[in-house]
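J.: Fold the following for me, if possible:
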Amino acid sequence: MTLKKSVLITLVLMLMGVFGYGLPASALDVRIMVCPKGCGLLVGDLYIMEQVKNFDPDINYLPEATGGYLANLNEMGSNKDRWKDTVFAINDDTLSFGPKGGKHPFAMFIPEPVNETFKLLHGVYWGTTGHFFITLDPSIKSVSDLKGKTIGLGLTGQSDWGMNPTLDLELGYGITAENTTLLYLGPAKMGQALLSGEIDAAVAALGTDVTFTDWLPSAVFREWKKSGKKLYYIGHEPGIVEKLNEELNTSYVECDIPAGILPTQKEKIHTFVDRDFKAVHESFPEDLAYKLVKLVAQVGPQMKMTTGLWRTWSPEIMVAGLSEDNTHPGAIRAFKELGWWELRKNFTPSVLPDGGK
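T.: Residues are numbered from 1 along each chain as shown. The predicted model follows:
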């Protein structure tokens, strides 16, 4: 090789390095804050992580186990480094409570106000978690009967298991830590505590879809069912949903859990759901939000067949609760291309602080 040719090749290689010509683009890392290890949603996101490689190798979809939805909210409210590259799992009521942090009755769960503006990407599933109770005592027939009893709840870092029932009890029935023993045991300890008689009642998790036909009981029901003991279920009184929605400015959706869904359940349980979403900070890049929604829409049908939580997947679950105000522009663009955006009109929009603006 001549000196002139060698110099020419060197110059070409230098230009390729400067301008990126001919070099593979490095994949973009997108962090996904989900929930604690072992939770169903995290299992689903790990599946998405593997499938994304087949659809868009330029994106590294990186799920992260966290302390739960409250931990996600508090982290996203305080860490600006997360805003441009992080998606977080959350439910609509928890997101709406952010600015109320530090005030009763939210201070225990959200220590400081979270005043940042967040936007929704897509829905995941609906949950009745924390919005009904289980007991072994047949004399406890209503939520009002729980006053003065010992109730097992989730951890204070858990939005559904811990915060939701606390708010429901106080604002719906006047049941507080001052007149009732509230033990924040967490799901792992709560199952055995009910069986041993340490607590009189407990909460549990149960997910569903937009038609209320597919139900996903939490793992704690396996322990209770295995015990052979008869479980009694305590739903909410008529009018409580409206009362809570007015008091909290939430968008809870009323429903009934049909008889036979849960162990020894002989009658329907009147309750309501909040809705789980993936959300981002308002500054999250529009093109990236667009790509992520399109990816999940592609992976969703496969996940419905292979992962438990995503049995509730449908185009409707992805858009239910979304609106022009509360949804990220990139997600709106994706849903319009998919032809799913109009489906949102069949559902009540989720209420975010200041309408999501």
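J.: Could you pick out the longest helix of this protein?
T.: helix 286-306 (DSSP state H).
J.: lowest-confidence helix or strand of this protein?
T.: helix 3-19 (a mean of 39; mean pLDDT, DSSP states H and E).
J.: Can you name the element that comes right after that one?
T.: Next in sequence after helix 3-19, counting helices and strands by DSSP states H and E, comes strand 28-33.
J.: Would you mind writing the CA trace of that following strand as CSV?
T.: This file holds the C-alpha atoms of strand 28-33, laid out as CSV (Å, rounded to 0.1, in the frame of the first residue of the first chain):
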residue,chain,number,x,y,z
LEU,A,28,-30.8,4.1,23.7
ASP,A,29,-31.3,3.0,27.3
VAL,A,30,-34.9,3.5,28.6
ARG,A,31,-35.3,2.8,32.3
ILE,A,32,-38.6,1.3,33.4
MET,A,33,-39.4,1.8,37.1
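J.: counting contacts, what elements does the helix or strand just after the longest helix of the chain pack onto?
T.: On the C-terminal side of helix 286-306, the nearest following helix or strand under DSSP H and E is helix 315-319. Counting contacts by 3 or more Cβ pairs under 8 Å, 6 or more residues apart in numbering; DSSP states H and E, helix 315-319 is packed against strand 118-127, helix 286-306, helix 329-338. For every residue, glycine as well, the C-beta is placed using N, CA and C.
J.: Identify whichever of the ones you listed lies nearest to residue 225.
T.: strand 118-127 (20.2 Å; Cβ to Cβ).
J.: Now do the closest one and helix 329-338, the angle between them.
T.: Following axes from the mean of the first three to the mean of the last three Cα atoms, to 10 degrees, one obtains 60 degrees for the angle between strand 118-127 and helix 329-338.
J.: What mean pLDDT does strand 118-127 get?
T.: With pLDDT averaged residue by residue, strand 118-127 scores 95.
J.: report the angle between the axes of it and helix 286-306?
T.: 10 degrees.
J.: what about the helices in the protein?
T.: 3-19, 40-55, 69-78, 92-97, 164-173, 187-196, 220-227, 240-248, 286-306, 315-319, 329-338.
J.: For those, give me JSON lines that also has mean neighbour count.
T.: As requested, the helices of the chain are exported to JSON lines (neighbours: other Cβ atoms under 10 Å):
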{"stretch": "helix 3-19", "mean neighbour count": "10"}
{"stretch": "helix 40-55", "mean neighbour count": "18"}
{"stretch": "helix 69-78", "mean neighbour count": "21"}
{"stretch": "helix 92-97", "mean neighbour count": "25"}
{"stretch": "helix 164-173", "mean neighbour count": "22"}
{"stretch": "helix 187-196", "mean neighbour count": "18"}
{"stretch": "helix 220-227", "mean neighbour count": "16"}
{"stretch": "helix 240-248", "mean neighbour count": "17"}
{"stretch": "helix 286-306", "mean neighbour count": "18"}
{"stretch": "helix 315-319", "mean neighbour count": "22"}
{"stretch": "helix 329-338", "mean neighbour count": "19"}
